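**Student:** kindly return the folded structure for what I paste below:
(one chain, ligands or ions: 1)
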Amino acid sequence: MKMQQFVVIGLGRFGSSLALELMDLGFEVLGVDLNEELVDDMSAYLTHAVVADATDEEMLKSLGVRNFDCGIVAIGSDIQMSILTAILLKDLGIKTVVAKAISVLHGRALEKLGVDRVIFPERDMGVRVAHQLVTPNLLDYIELSKEYSIVELRVPDGLVGKTLGEINPRVNYNCSVVALHKRTGVIVAPTAMDVLDAGDIMVLIGSNESIDKFEAVIN
Ligand code: ADP
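**Tutor:** Purely as a prediction, here's the structure:
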């Protein structure tokens, strides 16, 4: 079942951006922060925003936090607050608890508490930007495992006008184009006849090694 209601604890840079995006995506969001100014700024954009201390169990109960599908602990810099809040959200029985960690140890502590998903925004963004800087046409990527990834590549000038059959990434480089994002729309599972146009984005799946080889040759 799709998640509908989110409670975001901590409306700093990360929490507020996450909360606003969830609202844009059409979900209900309760934002909680100790800081009255932040709550005031956000209250017009969120379903509800309240000034509260998330380590106050009675307060969380009175906000009905247990009925939310997902709780996000977006407190980073104050590790003690982050951990206490995560414990309370788990104890209250929220189905899914996600928490932001600022260090490996902080992440390990959150995992030990049973947090369902620990995220490291700064670390992950650093890695992502490094990849984008060294690979000219790389727009984004998802690591499926240590070995395999899905990447989004802008079609380089050298491939414009060619068909996927001519390039034949599956045979020549052992990676597959699973989607083509064109100005006119997305082609899922494109065929050998599909032509690459300027501005197209290829979504490629394969081992990191084969994707690297493909990128090196096409650039
Ligand atoms: P960012 O780097 O994303 O800005 P911060 O860790 O600096 O994240 O901000 C965390 C936010 O969490 C702050 O706005 C702070 O007021 C809020 N916060 C910290 N402790 C609590 C708490 N116990 N209850 C509610 N909000 C909290």
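**Student:** could you pull up phi and psi at the residue of the chain at minimum distance from the ligand?
**Tutor:** Proximity of the chain to the ligand (Cβ to the nearest ligand atom) peaks at Gly12, 2.4 Å away. To be clear about C-beta, it is placed using only N, CA and C from the backbone, and glycine gets the same treatment. Backbone torsions of Gly12, given as degrees, to the nearest 10, read phi -70, psi -160.
**Student:** got the contact list for it?
**Tutor:** The contact partners of Gly12, taken as Cβ atoms under 8 Å, 6 or more residues apart in numbering, are Asp33, Leu38, Ala74, Ile75, Gly76.
**Student:** what about the nearest residue to the last one once chain neighbours are set aside, which SS state?
**Tutor:** Spelled out, that is Gly76. If the residues on either side of it in the chain are set aside, Gly76 comes closest to Ile102, at 4.5 Å by Cβ to Cβ, 6 or more residues apart in numbering. Here Ile102 is coil, with the state taken from DSSP: H, G, I helix; E, B strand; the rest coil.
**Student:** tell me how many other residues crowd Ile102.
**Tutor:** Burial measure for Ile102: 17 neighbouring residues, criterion other Cβ atoms under 10 Å.
**Student:** hang on, it packs against Asp78?
**Tutor:** No. Judged on Cβ atoms under 8 Å, Ile102 makes no contact with Asp78 at a distance of 9.7 Å.
**Student:** just the buried positions in stretch 208-219, please.
**Tutor:** Asn208, Ser210, Ile211, Asp212, Lys213, Phe214, Glu215, Ile218 (16 or more other Cβ atoms under 10 Å).
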